[in-house]
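Coordinates for the following, if possible.
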Amino acid sequence: MFMEDTKTNPRKLEELESVIARAIKKVRGEKENDLCKYIPVATGGYMHHFTLRKMKYKSPEELGSLIERFIIDSDRPLVVPPKPRLTRGARKKRDQLNFTKLQLERLLNMARLSGDKEMISILSPKKSLAQCKRELIHSIRHQVVDHELWNAYVESVNVQQAMVAAGVESMSKGT
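As a prediction, the model looks like this:
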């Protein structure tokens, strides 16, 4: 079915504008977007303001009939409750495993016992360069050799150097 665009037919736009003006007045609103919360949609909740704007130009007859049905013809227009959404915490990825600190320490200990360097590096808490330096100096003063601490220090230095190099590259590309 061919829908005529309101930009090619200004009369339809004027009719729709008068319907919108009456509806805004009835709900004691200030702008078109105030009408959205009175128009329900099939997916649940009320109409999004982008949808209202799109319908205004793409299918003005349908929008006009919705506004008349739910606002103008209604004795008391009802505010449609918003679409139910998940809370912020519930939107997290389902396949991601969450370990407690104790469980991570146990996994790290198992990786150390098996000698799995990759798992040790993945499970080891990431330390800042300053923290690695302090702990390394502390271990040297106490005459303790900790290879993992040294590896963490080397990794921190490499990460910092990579970040500096990336910053220099991006600065040179910008000029």
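
Can you pull out the low-pLDDT segments for this structure?
1-8, 89-94, 166-175 (pLDDT under 70).

residue with max distance from the center of it?
residue 143 (49.0 Å; Cα atoms, centre = their mean).

Three-state assignment for that one, please.
coil (DSSP: H, G, I helix; E, B strand; the rest coil).

From residue 134, how far out is it?
From residue 143 over to residue 134 the distance is 17 Å, taken as Cβ to Cβ, to the nearest Å. Using the backbone N, CA and C atoms, a C-beta is placed for each residue, glycine as well.

which residues in the protein form strands?
Counting by DSSP state E, the chain has no strands at all.

ranges for the helices of the protein?
10-26, 49-58, 60-67, 101-114, 117-123, 129-141, 147-174 (DSSP state H).

List the buried residues of the fourth one.
For helix 101-114, the buried set under the neighbour-count rule, 16 or more other Cβ atoms under 10 Å, comprises 108, 111.

which residues are in contact with it?
99, 119-120, 123-124 (Cβ atoms under 8 Å, 6 or more residues apart in numbering).

Dump those residues into TSV; add neighbour count as well.
Listed next are the contacts of helix 101-114 as TSV, based on neighbours: other Cβ atoms under 10 Å:
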residue	neighbour count
99	11
119	15
120	18
123	18
124	17
